[in-house]
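Enquirer: Turn this into a model:
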Amino acid sequence: MERPSLEIKLPDTHEEGKLYVVDSLNNLNKLNVCPDGSQHTLDEEENTGGTGENTAGSNIRNQCLFVSFILTLIISLALVSFVIFLIIQTRNKMDQISSRLISEKKNIEELKKMNNMILKHLNQSGIKE
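Expert: Numbering: from 1, shown residues only. Okay, the predicted model is just below:
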């Protein structure tokens, strides 16, 4: 079996044609490798010679990162506050339920005492079921 060659065979052209074809292949490679947003920054780097002269684009990107970081912190703070609020509310409800249970337990104990007293009175009076 014959393996297909990955090399691109360029026709014999003069020097300008070769440079144009290589430049076109580089641009095509960038389009395939880079996502849409980063292609624009690569083009800007090429225009400035890749020396970092384009600080406006990096400043805007840094500002966007800073703003997104601040928004993330604010959202995280809001979520933590909500969780703390829920914990406090749950604790209050649990306190209410436990106090109700304690009062109901006392009521049940009083009813048992009253039942025992009634049974004793009935036994002493001689009334049988």
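
Enquirer: quick one: contacts for Ile102?
Expert: Going by C-beta atoms under 8 Å, 6 or more residues apart in numbering, Ile102 touches no other residue. Just so you know, the C-beta spots here come from the backbone N, C-alpha and C atoms, and that holds for glycine as well.

Enquirer: cool, and Asn107?
Expert: No contacts exist for Asn107 under C-beta under 8 Å, 6+ apart.

Enquirer: tell me which element it falls in.
Expert: For Asn107, the host element (DSSP states H and E) is helix 55-125.

Enquirer: model confidence over that helix, on average?
Expert: Averaged over helix 55-125, pLDDT sits at 93.

Enquirer: any idea how far Leu86 lies from Lys93?
Expert: 10 Å (C-beta to C-beta, to the nearest Å).

Enquirer: And Val67, by the same measure?
Expert: Distance from Val67 to Lys93, by C-beta to C-beta: 39 Å.

Enquirer: Next: Ile60.
Expert: Between Ile60 and Lys93 the computed distance is 49 Å (C-beta to C-beta).

Enquirer: Measure how buried Gly57 is and give me the count.
Expert: Residues lying near Gly57 (other C-beta atoms under 10 Å) number 13.

Enquirer: Let me fix that, I meant to ask about Ile97.
Expert: The burial count for Ile97: 10, using other C-beta under 10 Å.

Enquirer: Much appreciated, bye for now.
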